[in-house]
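Participant: Pasting a predicted model and its sequence here:
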Amino acid sequence: MARVTVGEAVTRPRIRALPRVRGTTLVVGALAVGAVALRFWDVGDQSYWYDEAITVDLVHGSFGHMLAGVHDHEATPPLYFALAWLWAHVFGDSEAGLRSLSALFGVLTVPVAYLIGRDISSRRAGLIAAAFAAFSPALIWYSQEARSYALMVLLCALSLLFFVRALGETRPRPYALWALAVALALLTHYFSLFISIPEAVVLLLLAPNRRAAIAATGGVLAVGVAVVPLALYQRVHGGAAWIQNNPLSGRVRSAAGFFADGFAHERDVLLALVGAALVAVAVVAFRRGDARLRRAMLILLGLAVATAAIPLLGVAAGSDYILDRNLLAAWLPLAVLLAVALAAPGVGRLGLALAVAVSLAFVAADHKVAARRELQRDDWRDVSALLGPPRPRRAITVAPAWQKLSLMPYRPRLAPMFRPARLDEIDEVTFRGKDPWHSHQVVVPPGHGFRPVGTRSVQRFTIVTYRAPRASTLAPSALWTGTSGAFVEAR
């Protein structure tokens, strides 16, 4: 049976000449190559930051150790970590080795974005959607991070693709593939649920094969019920409570800016003008498009809004986990919506010009992040280099103390100072993060005859070295404070 676009009960596929198909394939291939370059070229340049250090710790041990660690300390399901464990045992746990798994997921998202745009509207819409996915600073950032977000985006993209196809087919295959993609997404990140719910509702209401839609939704529901006990346990023990300690309004604004330019912070007039022009084009496309196009755009808009709005409803129930990265499932429906608008009949060359302008703005933001160290991840690798090799009679204090895990990939012999130790040097590492809630760490300078002899700074870190004229025995309580922890390491 022929593929049916969104909103069409019966349709005929648009037949193009073979050379056009080949040309489209070449463009999609070129965009995929660009995605490979942007994700793999410098994938190991930045050091691991705290969340990635947790992943490194999880993949170091046995498979059972990884599963237990996800259960006890993570706030997400285990699928990504299981894949990362297998990947690390083949490609290693260096920054490039471990992050390349996420980079692969990010590259695969590009052709999926093309297929979604093509199936909904046209090849031009698919190409624009693929370009947005290839160059998006937000997607590139998490395609270079050893966490679950790139996999979540890919699986949510696949669920959107099969959702679109199921809306126009009676065959059970797209329904089954939708259910599989959603199930895998739920096993990757809980926030994928918030795009799956509206997709399931639309399928139950509009899908031509109601029986297949009910069966697919039932399968997804069974997977969702299966992960509930883990989700409830991780809600208490998963270490995500810190999110609620920070203003919701600031996190919402941060998420909106992040969707546009990642962490480049390009809040200038040009970006505002491009955004306004995109909204205007979307309005024109909606008004001039036929009923099928308007219906498709409304469905995409509804999916994107619901994906962001449902978690906001959870805030009222005391479940506030709103963060830019958790909301990434909403990025692709928005991107495809804009791509469909820019490729709509009546928009013409203006739509193509705006698509190129947005893609170039994305590339400029990508370059800015790559070139400016202060916009990159916390540089614990350089901190370790400045600390030098392990030394006898030296303690290292880290403020805040929980950031000690970030040093572990680079100083694996670092261990908490739980016993009195004979010391003549103390290196105090103070971290001041990009976010306001990390910017006021209070550190008590060492006493006991220690005097500062040097200060070094790198990125968001300050390292102060204290020395004493002679070694003395210090108890852990002399160095542990409410904000900093003391550590020693074997040679």
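Facilitator: It's in.
Participant: how is this protein carved up into domains?
Facilitator: 18-375, 380-489 (automatic domain parsing).
Participant: Mean pLDDT and mean neighbour count added to the ones you listed, as JSON lines?
Facilitator: Placement of C-beta: from N, CA and C, glycine included. Formatted as JSON lines, the domains of the chain follow (pLDDT from 0 to 100; neighbours: other Cβ atoms under 10 Å):
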{"stretch": "domain 18-375", "mean pLDDT": "91", "mean neighbour count": "20"}
{"stretch": "domain 380-489", "mean pLDDT": "88", "mean neighbour count": "17"}
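Participant: For the stretch 301-450 of the chain, which segments count as helices?
Facilitator: Assigned by DSSP state H, counting those that start in this stretch, the helices in the stretch 301-450 of the chain fall at 331-342, 349-371, 380-387, 404-407.
Participant: how far is the third one from where the chain is centred?
Facilitator: Centroid displacement of helix 380-387 relative to its chain, using Cα atoms, centre = their mean, to the nearest Å, is 26 Å.
Participant: what does it rub up against?
Facilitator: 47-49, 53, 396, 406-407, 409-411, 427, 429, 456, 458-459, 461, 463 (Cβ atoms under 8 Å, 6 or more residues apart in numbering).
Participant: Could you list which of those residues belong to strands?
Facilitator: Counting by DSSP state E, these place 396, 427, 429, 456, 458, 461, 463 in strands.
Participant: Quickly list what the fifth one is bridged to.
Facilitator: Translated: residue 458. Counting by DSSP bridges, residue 458 is bridged to residue 461.
Participant: Likewise for the second one?
Facilitator: The bridge-partner assignment for residue 427, based on DSSP bridges, gives residue 396, residue 465.
Participant: what residues are up against it?
Facilitator: Residue 427 touches 387, 394-397, 463-466, counting by Cβ under 8 Å, 6+ apart.
Participant: Likewise for residue 175?
Facilitator: Residue 175 touches 162, 166, 203, 207, 209, 212-213, 215-216, counting by Cβ under 8 Å, 6+ apart.
Participant: so which two of those residues are the farthest from each other?
Facilitator: 162 and 215 (13.9 Å; Cβ to Cβ).
Participant: for this structure, what spans make up the strands?
Facilitator: Under DSSP E, the chain gives strands at 394-399, 414-416, 421-431, 451-458, 461-474, 485-489.
Participant: Kindly reformat these as TSV containing distance to residue 121.
Facilitator: Listed next are the strands of the chain as TSV, based on distance: least, Cβ to Cβ, whole Å:
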stretch	distance to residue 121
strand 394-399	52
strand 414-416	54
strand 421-431	47
strand 451-458	49
strand 461-474	48
strand 485-489	55
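Participant: out of these, nearest to residue 250?
Facilitator: Nearest of the strands of the chain to residue 250, taken as Cβ to Cβ: strand 421-431 at 20.0 Å.
Participant: re the thing from before, keep only those of the contacts of residue 175 that are in helices.
Facilitator: Members of the contacts of residue 175 lying in helices (criterion: DSSP state H): 162, 166, 203, 212-213, 215-216.
Participant: Residue 316: which of those residues is nearest?
Facilitator: The nearest member of the ones in helices among the contacts of residue 175 to residue 316, counting by Cβ to Cβ, is residue 203 at 27.3 Å.
Participant: Touching, that closest one and residue 168? I think so.
Facilitator: No - contact criterion Cβ atoms under 8 Å: residue 203 and residue 168 do not qualify, at 11.4 Å.
Participant: what residues are shared contacts of these two?
Facilitator: Counting by Cβ under 8 Å, 6+ apart, nothing touches both residue 203 and residue 168.
Participant: Could you check how far the nearest residue to residue 109 once chain neighbours are set aside is from residue 191?
Facilitator: Closest residue in space to residue 109, ignoring its immediate chain neighbours: residue 154 at 4.9 Å, by Cβ to Cβ, 6 or more residues apart in numbering. The spacing between residue 154 and residue 191, counted by Cβ to Cβ, to the nearest Å, is 14 Å.
Participant: what's near enough to touch residue 75?
Facilitator: 190, 234-235, 238-240, 321.
Participant: From those residues, which land in helices?
Facilitator: If you go by DSSP H, the contacts of residue 75 have 234-235 in helices.
Participant: Format the contacts of residue 75 as a markdown table; extra columns: distance to residue 199.
Facilitator: Formatted as a markdown table, these follow (distance: Cβ to Cβ, whole Å):
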| residue | distance to residue 199 |
| --- | --- |
| 190 | 16 |
| 234 | 24 |
| 235 | 24 |
| 238 | 26 |
| 239 | 30 |
| 240 | 25 |
| 321 | 21 |
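Participant: Name the nearest of the contacts of residue 75 relative to residue 224.
Facilitator: Proximity of those to residue 224 (Cβ to Cβ) peaks at residue 190, which lies at 9.6 Å.
Participant: Find the nearest non-adjacent residue to the closest one, please.
Facilitator: In space, residue 190 is closest to residue 231, 5.9 Å off (Cβ to Cβ, 6+ apart).
Participant: pretty sure that neighbour is touching residue 189, no?
Facilitator: No - counting by Cβ under 8 Å, residue 231 stays clear of residue 189, with 10.9 Å between them.
Participant: tell me, what's touching these two both at once?
Facilitator: Both residue 231 and residue 189 are contacted by residue 77, under the criterion Cβ under 8 Å, 6+ apart.
Participant: So the spatially closest residue to residue 208 that is not a sequence neighbour versus residue 118, what's the distance?
Facilitator: Distances taken as Cβ to Cβ, 6+ apart put residue 170 closest to residue 208, at 5.0 Å, once the chain neighbours are dropped. Counting by Cβ to Cβ, the separation of residue 170 from residue 118 is 21 Å.
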